[in-house]
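Novice: what would the 3D arrangement of this be:
(4 chains)
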2 protein chains.
Amino acid sequence: MHPIRNNTMSHIELNDKKIQILNVAEKLFSEKGFEGTSIRDISKEAKINIAMVSYYFGSKERLLEALIFHKTVDLKLQLENLLQENIQPLEKVNKLIEIYINRICLNKGIYRVLHFELYNKKREKSLQAFTELKKGNLKSVESIIKQGQSQGVFRKDINIQLITPTIIGTFFHFHMNRSFFEELFDLQTEEMFNNYIKNDLTKHIQQTIKALLVYEN
Amino acid sequence: MHPIRNNTMSHIELNDKKIQILNVAEKLFSEKGFEGTSIRDISKEAKINIAMVSYYFGSKERLLEALIFHKTVDLKLQLENLLQENIQPLEKVNKLIEIYINRICLNKGIYRVLHFELYNKKREKSLQAFTELKKGNLKSVESIIKQGQSQGVFRKDINIQLITPTIIGTFFHFHMNRSFFEELFDLQTEEMFNNYIKNDLTKHIQQTIKALLVYEN
DNA sequence: GTTTAAATTAAACAACTGTTTAATTTTGCA
DNA sequence: TGCAAAATTAAACAGTTGTTTAATTTAAAC
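Specialist: Numbers count the residues shown, from 1 in each chain, chains lettered A, B, ... in the order given. Below you'll find the predicted structure:
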């Protein structure tokens, strides 16, 4: 019997084998793209039978949906917690940037897949879940910045909705051109690369957003 | 006879049919990815025989190489011309931003392909050409900003090499999440979308980079 | 221990993949 | 007009694709 056919919310109950499949799928999708990864590749790396993917997830397409859902659920919570914190607006923005970078770093595979596989509107279902996530994130960002504006520490002639693209876009472009920057900054190991992100890149983004938001440096 | 076998610089002589194939390939690659696009898709849309792609370019892989080469040759020239212009540093930076946005807008398809297909290091040859392009671009940017620094109008405590990621990354993220921002800003037509980029998004990026570079706003 | 459902497997399915072949048509030049 | 090179074609090639089948093994409940 297929466990999928009668249970559309199959995301929720994730046994070890399902998670194992999802992790391998994320790795391979991010390395070779959705189309470039075959179910045989996944099953080989996950050391399971080919049929198990269809058995657990129904299809390759639904495996992608499950993967997106599985990897994006808790970001929303993280942002809402930040909103409640009682700290200076600028410090809140800096923490926001750190959260974003950390999140995407942790799930770097799936974010690549998300942006590239969802670009064409065909994968409606996955896209919708992702859009909802982005809307929620934007609301959090708006709330944080308007707090700063009402306290008189942030400028008001800025386009709040375009701040997220600058934060995430900067980081993403860095990540997408990884080998270029590895050579440019001589980052020979994985650790050096991650340290550069954690220190220099994060600092650059924070400095940029601060310059944009705050009247006087 | 294959015209490819004996002529590795086949990029240079581009007859109409070759260009037609390249344009269709760009469109489909950007819509469905490199792996997601079959030679049959390309030949069908370009209204040519399947064998013509192999006949002209040798292979699907070499078609991608030819496409990248064909679409990136003249950006370098454009930047070098900007360098020579006798205008204020900040104005030069603003023009630089406009050039970048305009270029990627024109070749939006290929840039998407470039970032996603070249992410894994396997496509060495295409990657190398792209890396050289980026190095040249970075040199131009460095030169412009150091001009402003030596004139005392630009700050010196900034990471010059991370400015391009912020410019391109912001634009790219906006573009990659096109349907999200179309809904957010109610951009119903292609024209409205392009106008938003030309006016609001460009202004946001220029404002951001200015805030980062200039002492006093 | 028997029974029943879930998990796992190898094999097969038809459709599609990039590429090559060999034959035919078109083209440009003498 | 005749001829050789280039362009174009349909067909075939061997591999791979996602998915399904039907049989077998494992696990749990009674």
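Novice: surely A:Glu80 touches A:Ser140?
Specialist: Yes: here A:Glu80 reaches A:Ser140: they are 6.6 Å apart, a contact under CB atoms under 8 Å. All C-beta spots, glycine's among them, are computed from the backbone N, C-alpha and C.
Novice: looking at these two, which is more packed in?
Specialist: A:Ser140 (20 against 13; other CB atoms under 10 Å in any protein chain shown).
Novice: chain center to the least confident helix or strand in chain A by mean pLDDT, what's the gap?
Specialist: Within chain A, no helix or strand scores below helix A:108-117, which has a mean of 73 by mean pLDDT, DSSP states H and E. Mean C-alpha position of helix A:108-117 versus that of the full chain (CA atoms, centre = their mean, to the nearest Å) differs by 8 Å.
Novice: and the helix or strand that it is followed by with chain B, contact?
Specialist: Proceeding N to C from helix A:108-117, the next assigned helix or strand is helix A:124-150, under DSSP states H and E. Yes: using CB under 8 Å from any CB of the partner chain, we find that helix A:124-150 touches chain B at A:Leu127, A:Thr131, A:Lys134, A:Leu138.
Novice: tell me what helix A:124-150 is packed against?
Specialist: Judged by 3 or more CB pairs under 8 Å, 6 or more residues apart in numbering or on different chains; DSSP states H and E, the packing partners of helix A:124-150 are helix A:60-84, helix A:89-106, helix A:163-176, helix B:178-184.
Novice: most neighbours among the residues of helix A:124-150 next to chain B, please name it.
Specialist: Among the residues of helix A:124-150 next to chain B, the one with the most neighbours (other CB under 10 Å) is A:Leu127, at 20 neighbours.
Novice: re earlier: dump the helices and strands packed on helix A:124-150 to CSV, plus distance to A:Ile209 and mean pLDDT.
Specialist: As requested, these are arranged in CSV below (distance: least, CB to CB, whole Å; pLDDT from 0 to 100):
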stretch, distance to A:Ile209, mean pLDDT
helix A:60-84, 15, 85
helix A:89-106, 6, 91
helix A:163-176, 7, 94
helix B:178-184, 19, 91
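Novice: buried deepest among these, which one?
Specialist: With neighbours taken as mean count of other CB atoms under 10 Å in any protein chain shown, these reach their highest mean count in helix A:163-176, at a mean of 24.
Novice: let me see the contact set for the residue lying closest to A:Lys95 once chain neighbours are set aside.
Specialist: Spatially, and ignoring its direct neighbours in sequence, A:Lys95 is nearest to A:Leu82 (5.9 Å; CB to CB, 6 or more residues apart in numbering or on different chains). A:Leu82 makes contacts with A:Lys92, A:Lys95, A:Leu96, A:Ile99, A:Ser140, A:Ile144, as judged by CB atoms under 8 Å, 6 or more residues apart in numbering or on different chains.
Novice: how near is the fourth one to DNA strand D?
Specialist: Shown here: A:Ile99 relative to DNA strand D, a distance of 34 Å by CB to the nearest atom of the strand, to the nearest Å.
Novice: what's the angle from the least confident helix or strand of chain A to helix A:60-84?
Specialist: Interaxial angle of helix A:108-117 relative to helix A:60-84 (axes from the mean of the first three to the mean of the last three CA atoms, to 10 degrees): 110 degrees.
Novice: counting contacts, what elements does helix A:108-117 pack onto?
Specialist: So helix A:108-117, by 3+ CB pairs under 8 Å, 6+ apart, packs with helix A:16-32, helix A:60-84, helix A:163-176, helix B:108-117.
Novice: what do you get if the cut-off is 10 Å, keeping everything else the same?
Specialist: Applying 3 or more CB pairs under 10 Å, 6 or more residues apart in numbering or on different chains; DSSP states H and E, one finds that helix A:108-117 makes contact with helix A:16-32, helix A:60-84, helix A:89-106, helix A:124-150, helix A:163-176, helix B:108-117, helix B:163-176.
Novice: my guess is A:Phe130 contacts A:Leu75. True?
Specialist: No: counting by CB atoms under 10 Å, A:Phe130 sits too far from A:Leu75 to count as a contact (11.1 Å).
Novice: chain B: which of the contacts of A:Leu82 is nearest?
Specialist: Chain B has its nearest neighbour among the contacts of A:Leu82 in A:Ser140, at 14.8 Å by CB to the nearest CB.
Novice: could you pull up the residues touching the closest one?
Specialist: Applying CB atoms under 10 Å, 6 or more residues apart in numbering or on different chains, we find A:Ser140 in contact with A:Leu75, A:Lys76, A:Gln78, A:Leu79, A:Glu80, A:Asn81, A:Leu82, A:Leu83, A:Leu96, A:Ile99, A:Thr164.
Novice: biggest separation within those, which pair?
Specialist: Across the contacts of A:Ser140, the longest distance by CB to CB is 17.9 Å; it joins A:Asn81 and A:Thr164.
Novice: A:Tyr56 falls within a helix, correct?
Specialist: Yes: counting by DSSP: H, G, I helix; E, B strand; the rest coil, one finds A:Tyr56 located in a helix.
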